[in-house]
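Participant: Next come a sequence and a model predicted from it.
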Amino acid sequence: ETGVTQSPTHLIKTRGQQVTLRCSSQSGHNTVSWYQQALGQGPQFIFQYYREEENGRGNFPPRFSGLQFPNYSSELNVNALELDDSALYLCASSLATRNYNEQFFGPGTRLTVL
Amino acid sequence: DQQVKQNSPSLSVQEGRISILNCDYTNSMFDYFLWYKKYPAEGPTFLISISSIKDKNEDGRFTVFLNKSAKHLSLHIVPSQPGDSAVYFCAAKNSGGSNYKLTFGKGTLLTVNP
């Protein structure tokens, strides 16, 4: 069984640029969630995708957008990067059933905005 | 407004002793609680969970206790081992919600000294 993978591991961008982060879900999982973890904070929910549709969004501006593909892999896109976007971005996959609550996280992508 | 609070940023214990990590929540809609462990440069790893219909869940050295009236949960690790040294996140969710968003605390850094 393959776990959640993310790419790239690290990324350095400058203010105003755009970035795309990628995530491959754990085998059999149909739901992917993205979280932002700033330094010294817990992960903050950005949004979730279920069967290629956005299924909930946290308190993040529209310049944070996402996609989920038929194979359940996912992308997080951030436009017009700001310094405060520097963080660890975590992808988590899960199986959307009533009694299944655990989410399984990838290792994250460390984004630095200069 | 932080709905999940871990008020101790760090905890240090001796190997073989008990580690107790605490978590408080404010949202009455939360009905499922999870603990994640995170090592540096890795994503959070699911550790143990508890539903609000229970007050205790045990898995080997790890036990989670839930006090619904106090909106408080704790994770007990007995006996503590040096390999348990990591950041521990408490997370909560509303199972009745339309998505599987997890709300995290800021984490507690546990150091187990040999």
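Facilitator: Here it is on my side, so go on.

Participant: What residues sit buried inside stretch B:103-114?
Facilitator: Within stretch B:103-114, the residues that count as buried by 16 or more other C-beta atoms under 10 Å in any protein chain shown are B:103, B:104, B:105, B:106, B:107, B:108, B:110, B:112. C-betas here are computed from N, CA, C, even on glycine.

Participant: What parts of chain B come near chain A?
Facilitator: B:4, B:6, B:32, B:34, B:36, B:41-46, B:49, B:89, B:91, B:93, B:95, B:97-107 (C-beta under 8 Å from any C-beta of the partner chain).

Participant: Quick check on those residues: which are buried?
Facilitator: Buried among those by 16+ other C-beta under 10 Å: B:4, B:6, B:32, B:34, B:36, B:43-44, B:46, B:49, B:89, B:91, B:93, B:99-107.

Participant: can you tell me which of those are in strands?
Facilitator: Counting by DSSP state E, the members of those that fall within strands are B:4, B:32, B:34, B:36, B:46, B:49, B:89, B:91, B:93, B:103, B:104.

Participant: Let's have those in CSV, adding distance to residue A:27 and pLDDT.
Facilitator: Formatted as CSV, these follow (distance: C-beta to C-beta, whole Å; pLDDT from 0 to 100):
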residue, distance to residue A:27, pLDDT
B:4, 30, 97
B:32, 24, 91
B:34, 21, 94
B:36, 21, 96
B:46, 16, 91
B:49, 21, 93
B:89, 25, 97
B:91, 23, 95
B:93, 23, 90
B:103, 27, 93
B:104, 25, 96
